[in-house]
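J.: can you look at this prediction? I've put the sequence above it.
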Amino acid sequence: MKHKLQQLLYFGREQALSCLFPVVIFASLALTKFIPLPILARYDWLLLICLAMQWWMLRAGLETKDELKVITLFHFIGLALEIFKVHMGSWAYPEQGFFKIFGVPLYSGFMYASVASYLCQAWRRLHIELIYWPSFFAVVPLASAIYLNFFWHHFWIDIRWWLGLLVIIVFWRSSVNYKINGVNYRMPIVLSFALIGFFIWIAENIATFFGAWQYPNQTHAWSIVHLGKISSWLLLVIVSFLIVAELKRVKEDNN
């Protein structure tokens, strides 16, 4: 029992360290909501805080240059999605800011990048290995279809549930192997997708409470984010995980 508790505490510590960048973003959202900052608007301060945090993590050795490249890629992927969703009226950024493009503050891309930051950090800290991982020709088209569905469902049918079913089929045999104090553990990859997506939904409720962005039903008063959003975050987590996994595999093949 004592050993299991020690393993759980170690796992919790490694998870907490992996979440360092997301935690800084949430803390900044909370502080800047209640503490007015001089000279710049709140959204602009959030951008500067994110940039400073990334610079410090790289300089302190908490993040590698390769991980920074992945995070930067996710920033642009997320920013493109944000611009489209805001244009379609899915949500809004009502506050003022100098560093905004098409109504979207540039700091918003870092919220997507924080997911990639967590995945990269946890991958390294827990010595992640993928078991029975599908081929490149199955993973890349599936990830592309999931990402594109965030756009095309506004103009055509929403196929997220079909994509979810396809994920279960493609990754049915796949699992993730991780180490805690040298002891190997294994989890079905689909379960890990679901758990990360659920916790991001909880984080989204915290973020909207602190005014990171605003859904139409939150215009006059904050309310809990609809449970249906869990499916969206689940699919986004899957896209994020697949991109990170393929980049890791490409790097291993080149070494």
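T.: Cool, got the structure. Numbering: from 1, shown residues only.
J.: give the buried residues for stretch 13-32.
T.: Buried residues in stretch 13-32, counting neighbours by 16 or more other Cβ atoms under 10 Å, are found at 14, 18-26, 28-29, 32. Backbone N, C-alpha and C define where each C-beta goes, glycine included.
J.: please save the CA atoms from that stretch in PDB.
T.: Provided in PDB are the C-alpha atoms of stretch 13-32 (Å, rounded to 0.1, in the frame of the first residue of the first chain):
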ATOM      1  CA  ARG A  13       4.300  15.400  -9.100                       C
ATOM      2  CA  GLU A  14       5.400  14.600 -12.700                       C
ATOM      3  CA  GLN A  15       1.900  15.500 -14.000                       C
ATOM      4  CA  ALA A  16       2.000  18.800 -12.100                       C
ATOM      5  CA  LEU A  17       5.400  19.700 -13.500                       C
ATOM      6  CA  SER A  18       4.200  18.800 -17.000                       C
ATOM      7  CA  CYS A  19       1.300  21.200 -16.500                       C
ATOM      8  CA  LEU A  20       3.500  24.100 -15.600                       C
ATOM      9  CA  PHE A  21       2.800  26.200 -18.700                       C
ATOM     10  CA  PRO A  22      -1.000  25.700 -18.500                       C
ATOM     11  CA  VAL A  23      -1.000  26.500 -14.800                       C
ATOM     12  CA  VAL A  24       0.800  29.800 -15.500                       C
ATOM     13  CA  ILE A  25      -1.800  30.700 -18.100                       C
ATOM     14  CA  PHE A  26      -4.700  30.000 -15.700                       C
ATOM     15  CA  ALA A  27      -3.000  31.900 -12.900                       C
ATOM     16  CA  SER A  28      -2.500  34.800 -15.300                       C
ATOM     17  CA  LEU A  29      -6.100  34.700 -16.300                       C
ATOM     18  CA  ALA A  30      -7.200  34.900 -12.700                       C
ATOM     19  CA  LEU A  31      -4.800  37.600 -11.600                       C
ATOM     20  CA  THR A  32      -5.400  39.900 -14.600                       C
END
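J.: one step back: tell me the one of the buried residues of stretch 13-32 nearest N184?
T.: E14 (14.6 Å; Cβ to Cβ).
J.: not counting sequence-adjacent ones, nearest residue to the closest one?
T.: In this structure, E14 finds its nearest non-sequential neighbour in R125, 4.6 Å apart by Cβ to Cβ, 6 or more residues apart in numbering.
J.: what about stretch 59-66, start to end distance?
T.: End-to-end distance for stretch 59-66, by Cα to Cα, to the nearest Å: 13 Å.
J.: quick one: contacts of it?
T.: For stretch 59-66, the external contacting residues (Cβ atoms under 8 Å, 6 or more residues apart in numbering) are 20, 54, 56-58, 71, 117, 120-121, 124, 251.
J.: ok, so of the residues you listed, who is nearest W152?
T.: Distances from W152 to those, taken as Cβ to Cβ, are shortest for I71 (26.4 Å).
J.: what's the pLDDT at the closest one?
T.: I71 carries a pLDDT value of 88.
J.: and what of F99?
T.: 91.
J.: what's the closest non-adjacent residue to the most centrally placed residue in the chain?
T.: The centre of the chain sits closest to V115, judged by Cα atoms, centre = their mean, with a distance of 2.4 Å. Leaving aside its chain neighbours, V115 sits nearest to S240 (5.1 Å; criterion: Cβ to Cβ, 6+ apart).
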